[in-house]
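# Just the structure for this:
(one chain, ligands or ions: 1)
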Amino acid sequence: MFENLQSQPADKILALMQMYKDDPRETKVDLGVGVYKDATGLTPVMRAVKAAEQQIWQAQDTKVYTGLAGDPAFADAMIALVLGDAVPRATVAAAATPGGTGAVRQAFEMVRMAKPDARVFVSDPTWPNHLSILKYLDIEVVPYRYFDDETRGVDFDGMMADLKTAHAGDVILLHGCCHNPTGANLNASQWDDVIKVLQDTGATPMIDIAYQGFGDGLDADAAATRKLVASVPECLIAASCSKNFGIYRERTGLLMAVAADPAAHALNQATLAFLNRQNFSFPPDHGARIVTTILNDDALRADWMAELEEVRGAMLGLRTQLAGELQRLSGSDRFGFLGQHRGMFSRLGTSPEKVEELRVKHGIYMVGDSRMNIAGLNTDSVPILAAAIIDVGI
Ligand code: LMR
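Numbering: from 1, shown residues only. You can find the predicted model right below:
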């Protein structure tokens with residue numbers, strides 16, 4: 001029977017990871033997959049994570065199943081981290097998932113269960129796996145304008161015009177902060193306008209927040225999400241702990257569904273548990289337990305926040321250095337956007353041919369749409385990248 005299978009298109013980000021591994025050049029630079037690396041190229045286990053793991057190892061006396069929606073303490077801690085006190089806790093249904101991707105997948109499945117013909121509006125561009133999962137689930141996708149190729153900022157007029165065509169029963173997918181793949185983000189007043197469109201159209205927002213703490217800080221990065229959930233009757237939020245806790249392989253995420261009233265809340269919670277049961281039964285616990293331990297312990301939490309700030313500061317420093325170096329080499333301000341973008345990524349805004357040239361000639365690996373993982377750089381490789389960008393004529 002399996003001869004009937006059709007080969008699937010390779011995931012561009014994961015294919016690039018493999019190409020980088022296979023490149024023997026010692027000078028190669030990996031700006032591909034969204035994984036934080038320190039100045040030595042290591043993706044470290046965060047100090048608080050190590051300490052929490054030690055505590056768990058000592059205290060844990062069973063590995064028996066938790067709940068279908070995961071440990072409620074994890075949901076409580078994460079809801080507080082992401083949503084603060086924007087909405088009453090009693091309106092938020094939540095389920096632990098295998099990573100942020102698991103939360104995104106369960107959210108789309110929930111949408112399809114609720115309304116099989118729902119359309120999902122996605123930014124153009126968005127994280128490629130959003131599109132891949134939506135296609136797999138046979139959910140209609142409506143792209144909305146987002147990135148302005150000229151300014152490398154947000155095409156806000158285009159975005160608003162496209163979002164206004166949504167209606168009740170549609171879902172509008174938004175990146176809570178640190179837009180992936182562009183690094184271009186809405187400002188506070190633009191978020192207000194988006195909220196107004198959501199209220200006017202009655203469309204349901206879904207927020208993917210995978211980089212909280214990587215942009216302007218933990219609370220600043222969640223501010224738009226908090227304001228939005230407080231302003232609309234219902235909302236889905238997919239949160240990832242992979243990046244801000246550095247626990248990528250532990251697959252730790254949370255899907256939240258904010259409801260308008262208690263009856264809807266109970267149905268949401270039951271649906272999330274049902275979806276977990278269908279897809280993987282009980283969600284993984286180890287990463288969730290690490291996160292809960294850190295967030296509920298004052299000392300560990302403070303140390304985690306301090307290290308996250310170090311990570312954020314390092315990425316901002318690299319942005320500033322790269323923008324400065326490119327200004328010096330090009331004699332123009334046309335790369336100033338790199339200093340304004342936030343989060344792990346920036347879209348350089350060049351052609352796939354130039355991206356290919358950077359790879360072949362200079363061993364610089366970025367995704368074909370010219371998305372660069374800024375954390376793949378260090379102070380030594382920034383001048384190399386800047387020189388290569390100028391050399392290939394970007
Ligand atoms: C990325 O965008 O590179 C990350 O979210 C990792 C992934 O799974 O694609």
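# mind giving me the domain split of the chain?
11-45+306-388, 49-298 (automatic domain parsing).
# mind checking the end-to-end distance for stretch 180-193?
The separation between the terminal residues of stretch 180-193, taken as Cα to Cα, to the nearest Å, is 21 Å.
# Just say which of the domains of the chain is most tucked in.
domain 49-298 (a mean of 19; mean count of other Cβ atoms under 10 Å). C-beta: built from backbone N, CA, C; applies to glycine.
# who's in contact with the helix or strand harbouring Ala222?
Remark: Ala222 resides in helix 218-231, with elements defined by DSSP states H and E. With contacts defined as Cβ atoms under 8 Å, 6 or more residues apart in numbering, helix 218-231 is touched by 81-84, 86-87, 174, 176-178, 186, 188, 191-192, 194-195, 198-199, 205, 207, 209, 211-215, 235, 237, 244, 258, 305, 308.
# Following the chain past it, name the next helix or strand.
Elements were assigned by DSSP H and E; along the chain past helix 218-231, the next helix or strand is strand 235-240.
# So which other helices or strands are in contact with that following strand?
In terms of contact count using 3 or more Cβ pairs under 8 Å, 6 or more residues apart in numbering; DSSP states H and E, strand 235-240 is assigned the packing partners helix 72-83, helix 99-114, strand 204-209, helix 218-231, strand 253-258.
# Quick one, grab the pLDDT at Val171.
What the model reports for Val171 is a pLDDT of 98.
# where does the residue in the stretch 151-300 of the chain that the ligand sits nearest to fall, helix, sheet strand or coil?
Nearest to the ligand in the stretch 151-300 of the chain, going by Cβ to the nearest ligand atom, is Asn180, at a distance of 5.2 Å. Recorded secondary structure, Asn180: coil (DSSP: H, G, I helix; E, B strand; the rest coil).
# least trustworthy helix or strand in the protein by mean pLDDT?
The helix or strand of the chain with the lowest confidence, counting by mean pLDDT, DSSP states H and E, is helix 12-22 at a mean of 92.
# quick check, distance from that helix to the centre of its chain.
Going by Cα atoms, centre = their mean, to the nearest Å, the spacing between the C-alpha centre of helix 12-22 and its chain's C-alpha centre is 20 Å.
# Can you list the helices and strands that it packs against?
On the basis of 3+ Cβ pairs under 8 Å, 6+ apart, helix 12-22 makes packing contacts with strand 364-365.
# helices or strands next to the strand it packs on in the packing?
Counting by 3+ Cβ pairs under 8 Å, 6+ apart, the packing neighbours recorded for strand 364-365 are helix 12-22, strand 29-30, helix 381-391.
# does any bit of that strand sit next to the ligand?
No: figure legend: strand 364-365 not in contact with the ligand (Cβ under 6 Å from any ligand atom); closest approach 12.1 Å.
# Show me what that strand is in contact with.
Residues from elsewhere that reach strand 364-365, judged by Cβ under 8 Å, 6+ apart: 16, 19-20, 23, 28-32, 358-359, 384-385, 388.
# What is the nearest of the residues you listed to Ser346?
Within the set of the contacts of strand 364-365, Leu31 lies nearest Ser346; the separation is 9.4 Å, counting by Cβ to Cβ.
# residues touching the closest one, list them.
Taking Cβ under 8 Å, 6+ apart as the criterion, Leu31 is in contact with Ile364, Tyr365, Met366, Met372, Asn373, Ile374, Gly376, Leu377, Leu385.
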